[in-house]
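Engineer: Structure, please.
(one chain, ligands or ions: 2)
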Amino acid sequence: MLLGVIADDFTGATDIAGFLVENGMRTIQVNGIPSANMEINADAVVVSLKSRSCPTEQAIEQSVAALKWLQAQGCQQFYFKYCSTFDSTAKGNIGPVTDALLDVLGEDFTIVCPALPVNGRTVFNGHLFVLGQLLSESGMRNHPVTPMTNSNLMDLMDAQSKGKTGLINYQSIEQGADAIIGEFAELKAQGKRYAVVDAFKAEHLNEIGKAARSLKLVTGGSGLAAGIAKNWDEHLQDQTQAKQAGHPAKAPTVIFSGSCSVMTNKQVELYKAKAPFFALDIEQCMSNENYVNDVFDWVISHTNESLAPIVYATADAEKLKTIQQQYGAETSSQAVETLFSLLAIKLQDSGIRNFIVAGGETSGVVTQSLKVDSFHIGPQIAPGVPWVKAINQDLSLALKSGNFGDEHFFTTAQGYF
Ligand SMILES: Nc1ncnc2c1ncn2[C@@H]1O[C@H](COP(=O)(O)OP(=O)(O)OP(=O)(O)O)[C@@H](O)[C@H]1O
Ligand SMILES: O=C(O)[C@@H](O)C(=O)CO
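Structural biologist: Ligands and ions are numbered 1, 2, ... in the order given. As a prediction, this is how the structure comes out:
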């Protein structure tokens, strides 16, 4: 095993795993920390945690346990994957987890690289941009759990970690890997523990990846994965086959959409124009025990059509607000999640083998209900959204973060079988 990744959430884990496969590394993902060692026939393994916004002590404990498990599997380098929008607060969890991982590894320096240019996340003079807007001026400023009101990554990291942060700006990055290595030495000599690295195009990430070859721990979004994977080129076999183990097969398919993001709303609208659709009634989800059977019957009656049926709770911001005011945000989202969870189990039992799911939480719930605890990563449908195939079951999943994929995502996903 070459590379071990610790990801702080579920779709974030799948995101980086997709980029590793795209760059030739056979990759598997495990959900949570396995209780024992595993026979792993892959180049990289990604452990997905739920540590982004849990209490900091818990995030540290889980991340260190993941690191130790990855060390026991023989990994040689470690990657802490967090969100490309640096989702965190002044208490953490990015800084404290980075510190804990450095301590366990006996290291005193790493990089901070959230950039993911292909999805519009860029870093310029140490400031993070989302689709050309400063992070603090993007929708992330209103995030319910981790509102991001400062775009300066050095400030963000200093506030939540025990060391000091320096910057390697784009002028140095553009001089290439050797210059970047020189900057690492310079920053270390100044007593810095973390280097924020500018990156706004793929070439930057390749050079940063090369320079980071000797770092035991790197930290970042999924963009850096391409640069890191290239370092292992000479150790990789069957690079063109890396996606094979996770490729989906033609089989009965269903789509669940539990995300209310702007992009998912567009994707659902477009898909409804050409495929069978079922809009979930939130009140029925909460009050009618038989509702899941009705939805199940509807899905089964549409599985022979050329495009898979979609069941969705997706609503635009206004409609969602009305629902939440009427029933409560927690109660209504729980009811939707429970419906998807029960429906997934019934559909699997009746022969559905491919599940396309929109929404991070929704994906987590469905994967858990289907008892998928590890999978091979297959081809990327969109940047950061690969098909994945369960290791111990005949089941393929496409798990989409809320805002990922273009408007045609649901049809594109079905083009792989
Ligand atoms: N119509 C609705 N009414 C109430 N809650 C809903 C409705 N539709 C979806 N939800 C809930 O909203 C939450 C959406 O979270 P989820 O993580 O699945 O999507 P997302 O936030 O768009 O994705 P990501 O976290 O990847 O950005 C889920 O708990 C879901 O059950
Ligand atoms: O980095 C990202 O933007 C995503 O992988 C993510 O973490 C979604 O929660």
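Engineer: contacts and neighbour counts: CA atoms only from here.
Structural biologist: OK.
Engineer: Contact distance from ligand 1 - what residues of the protein qualify?
Structural biologist: Residues of the chain lying close to ligand 1 (C-alpha under 6 Å from any ligand atom) are 258-261, 313-315, 320, 323, 332-334, 336-337, 359-362, 401-403.
Engineer: can you count the residues close to Ala390?
Structural biologist: The local packing of Ala390 (other C-alpha atoms under 10 Å) involves 23 other residues.
Engineer: Now, of the residues of the chain next to ligand 1, which are buried?
Structural biologist: Neighbour counting over the residues of the chain next to ligand 1 (16 or more other C-alpha atoms under 10 Å) leaves 258-261, 313-315, 320, 323, 332-333, 336-337, 359-362, 401-403 as the buried ones.
Engineer: tell me, which of the residues you listed make contact with ligand 2?
Structural biologist: For ligand 2, the contacts drawn from those by C-alpha under 6 Å from any ligand atom are Ser401.
Engineer: Indicate the residue of the stretch 1-150 of the chain located nearest to ligand 1.
Structural biologist: Thr11 (6.3 Å; C-alpha to the nearest ligand atom).
Engineer: In three-state terms, how would that residue be classified?
Structural biologist: Secondary structure assignment for Thr11 (DSSP: H, G, I helix; E, B strand; the rest coil): helix.
Engineer: And the average pLDDT for the longest helix seen in the chain is what?
Structural biologist: As assigned by DSSP state H, the longest helix anywhere in the chain is helix 329-349. Average pLDDT, helix 329-349: 96.
Engineer: So for that helix, what gets flagged as buried?
Structural biologist: 332-333, 335-344, 346-348.
Engineer: Show me the shaky parts of this structure.
Structural biologist: For the chain, the stretches with pLDDT under 70 are 144.
Engineer: What parts of it come near ligand 2?
Structural biologist: Counting by C-alpha under 6 Å from any ligand atom, the residues of the chain close to ligand 2 are Thr11, Gly12, Asp15, Tyr82, Cys83, Ser84, Gly221, Ser222, Ser401.
Engineer: List the contacts of Leu342.
Structural biologist: Residues near Leu342 by C-alpha atoms under 8 Å, 6 or more residues apart in numbering: Val292, Ser369.
Engineer: rewinding a little: counting neighbours, what do you get for the residue of the stretch 1-150 of the chain closest to ligand 1?
Structural biologist: Count around Thr11 with other C-alpha under 10 Å applied: 23.
Engineer: That one against Gly402, yeah?
Structural biologist: No - contact criterion C-alpha atoms under 8 Å: Thr11 and Gly402 do not qualify, at 9.3 Å.
Engineer: who touches both of those two?
Structural biologist: Here Thr11 and Gly402 have Gly360 as joint contacts, going by C-alpha under 8 Å, 6+ apart.
Engineer: gap between Ile300 and ligand 2?
Structural biologist: 31 Å (C-alpha to the nearest ligand atom, to the nearest Å).
Engineer: same question, Ile356
Structural biologist: As judged by C-alpha to the nearest ligand atom, Ile356 and ligand 2 stand 16 Å apart.
Engineer: where does that residue land in three-state SS?
Structural biologist: What three-state DSSP gives for Ile356 is strand.
Engineer: Can you pull the domain assignment for the protein?
Structural biologist: Split into domains by automatic domain parsing, the chain comes to 3-238, 244-414.
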